[in-house]
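Q: fold the following, please.
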Amino acid sequence: MKCALVTGGSRGIGRAICQKLAVELGYHILINYQGNEEAARETQSLVQEAGGTAEILRFDVREGGDVRAALERWSDANAEAIVEVIVNNAGVAKDGLFMWMSAEDWSTVLQVSLNGFYNVTNFFIQKLLRQRYGRIINIVSVSGMKGTAGQVNYSAAKAGVVGATKALALEVAKRNITVNAVAPGFIRTEMTEQMDEKELAKLIPANRFGEADEVADLVCFLASQKSGYITGEVINVNGGIYS
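A: Coordinates of the predicted model:
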């Protein structure tokens, strides 16, 4: 059984990625979630209704012990399974001007994106090296590429993952493992529901928000064998917002 793990897979971009990887590439999907089991179950149902297979895995990507315990339990129970694809999608935003930013808001955002990348990817990396195949895809953000006022923590966290993507890609390329990042701009999800889409669209050359499926399509390509000579890349899906 060939599997793909998607962290933060219960909603939004994560949900779209789960569906695409199951239907288009035939992976058994491990849907990670932290708190919203109902949403995770809904994603599982959507995958199954489309003809794919999936299961849910609860762990907090910030907590190394929690991640390791959950993944070891799963690995022990599925000894024949092979995880080929890891999508580090879990993220959280705690926006606000830096001068009023609490230490907790700073720490939480960095822990989810940066520690989450480490905790999940580090668990699997030796397995990927031994099997001489893997696809690691990190979901970053336009904020990590150019910086966004009011998102110093989020910009720092995502920029950190960009650096990690480029460095890890160099370490594992000889073993047929690619490591790439996808940087969405304004995508229509629950995270952007409170934004003034009509006003913000004026700043976007494409003049609209993107759809989660448009991000998932790129992730699906990077997770496929077609992308074997692409590694260490950060690909923007942002409708033309670069500065």
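Q: C-alpha coordinates for the longest helix along the chain, CSV please?
A: Criterion DSSP state H: the longest helix present in the chain is helix 152-172. C-alpha atoms of helix 152-172 as CSV (Å, rounded to 0.1, in the frame of the first residue of the first chain):
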residue,chain,number,x,y,z
VAL,A,152,5.9,39.1,10.8
ASN,A,153,5.5,35.7,12.6
TYR,A,154,3.9,34.0,9.6
SER,A,155,6.3,35.5,7.2
ALA,A,156,9.3,34.3,9.4
ALA,A,157,7.8,30.8,9.8
LYS,A,158,7.2,30.3,6.1
ALA,A,159,10.5,31.8,5.0
GLY,A,160,12.2,29.4,7.4
VAL,A,161,10.5,26.5,5.7
VAL,A,162,11.6,27.9,2.3
GLY,A,163,15.2,27.7,3.5
ALA,A,164,14.8,24.2,4.9
THR,A,165,13.2,23.1,1.6
LYS,A,166,16.3,24.2,-0.4
ALA,A,167,18.8,22.8,2.0
LEU,A,168,17.1,19.4,2.5
ALA,A,169,16.7,19.1,-1.3
LEU,A,170,20.5,19.1,-1.7
GLU,A,171,21.0,16.4,1.0
VAL,A,172,18.6,13.8,-0.5
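Q: next helix or strand past it?
A: Note on helix 152-172: by DSSP states H and E, the next helix or strand toward the C-terminus is strand 177-184.
Q: what's the helix or strand where residue 110 lies packed up against?
A: Here residue 110, judged by DSSP H and E, is contained in helix 103-110. Packing contacts for helix 103-110, counted by 3 or more CB pairs under 8 Å, 6 or more residues apart in numbering; DSSP states H and E, involve helix 152-172. For every residue, glycine as well, the C-beta is placed using N, CA and C.
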